[in-house]
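**Q** Pasting the sequence and the predicted coordinates here, then a few questions.
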Amino acid sequence: AEDTEHPAFPGRVALQPYLSGESERLATVLGLDRLDWYNVHPGPAVRALLNRLPARLAAGDDPAELADRLILAADLDLAGRRPYYVMDFELSGTASGRPATAGLTLRAAGSYRLTATVGALAVAAVLRAEVPAGVHFACDVLDPDTVVRHLRARGVADLRPTGAAADADQVEEGVL
């Protein structure tokens, strides 16, 4: 969807279907019948550049120059707004034979502190010998309550159930 709205994201956005190996693995582990994943773009510049990126790299364009262009594209897409990172989850199915839905929205200023926090928690768990030997996905070996507690306590992310309360403090920016 090129120009739409989604309650978890400010303003008009583009929704682009995306399926990674990690999300496929997660769907299998959870026994899901279906998984829909979308990348959400607040403007057209980053998405347009990402669509051209493989061809530009194959043509020999300088990766550093392409990185600079990606930063500029992101700045254009967010002009007049603060950067943000949102992950909005909805799980639907049946519980006790009746339709059921649950959701969670994670909001952060960006993905970097989120990634760094989970990485640091993983290192700490390894150093405390809480992780079995070998290579693992963090979601398979870290305690979710510990991760959420750290994200909240350090102000890295706000996690709330999806719904009216989750959007109560959303600030609209860049609109007159």
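**A** Yep, that arrived. Numbers count the residues shown, from 1 in each chain.

**Q** C-alpha from now on. contacts and neighbour counts both.
**A** OK.

**Q** most centrally placed residue in this protein?
**A** Centroid-nearest residue in the chain, with CA atoms, centre = their mean: M87, separated by 4.1 Å.

**Q** And it, its phi and psi?
**A** phi -120, psi 120 (degrees, to the nearest 10).

**Q** ok, it touching T105?
**A** Yes - using CA atoms under 8 Å, M87 makes contact with T105 at a distance of 5.8 Å.

**Q** in its sheet, what does the lowest-mean-pLDDT helix or strand in the chain sit against?
**A** Least confident helix or strand, the chain: strand 85-95 with a mean of 87, by mean pLDDT, DSSP states H and E. The pairing partners recorded for strand 85-95 under DSSP bridges are strand 98-108 (antiparallel).

**Q** Identify all contacting residues around the next helix or strand after the partner strand.
**A** Following strand 98-108 in sequence order, the next helix or strand is helix 112-127 (DSSP states H and E). Contacts to helix 112-127, defined as CA atoms under 8 Å, 6 or more residues apart in numbering, come from residues A108, V131, A138, L142, V147, H150, L151, V156, A157.

**Q** related to what we said a few turns ago, for the residue nearest to the centre of the chain, what are its contacts?
**A** T105, L106, R107.

**Q** try E2
**A** V13, A14, L15.

**Q** for R25, same thing?
**A** Neighbours of R25 in contact, by CA under 8 Å, 6+ apart: none.

**Q** so how far is A125 from it?
**A** Using CA to CA, to the nearest Å, R25 is found at 23 Å from A125.

**Q** can you check R56 too?
**A** Separation of R56 from A125 (CA to CA): 40 Å.
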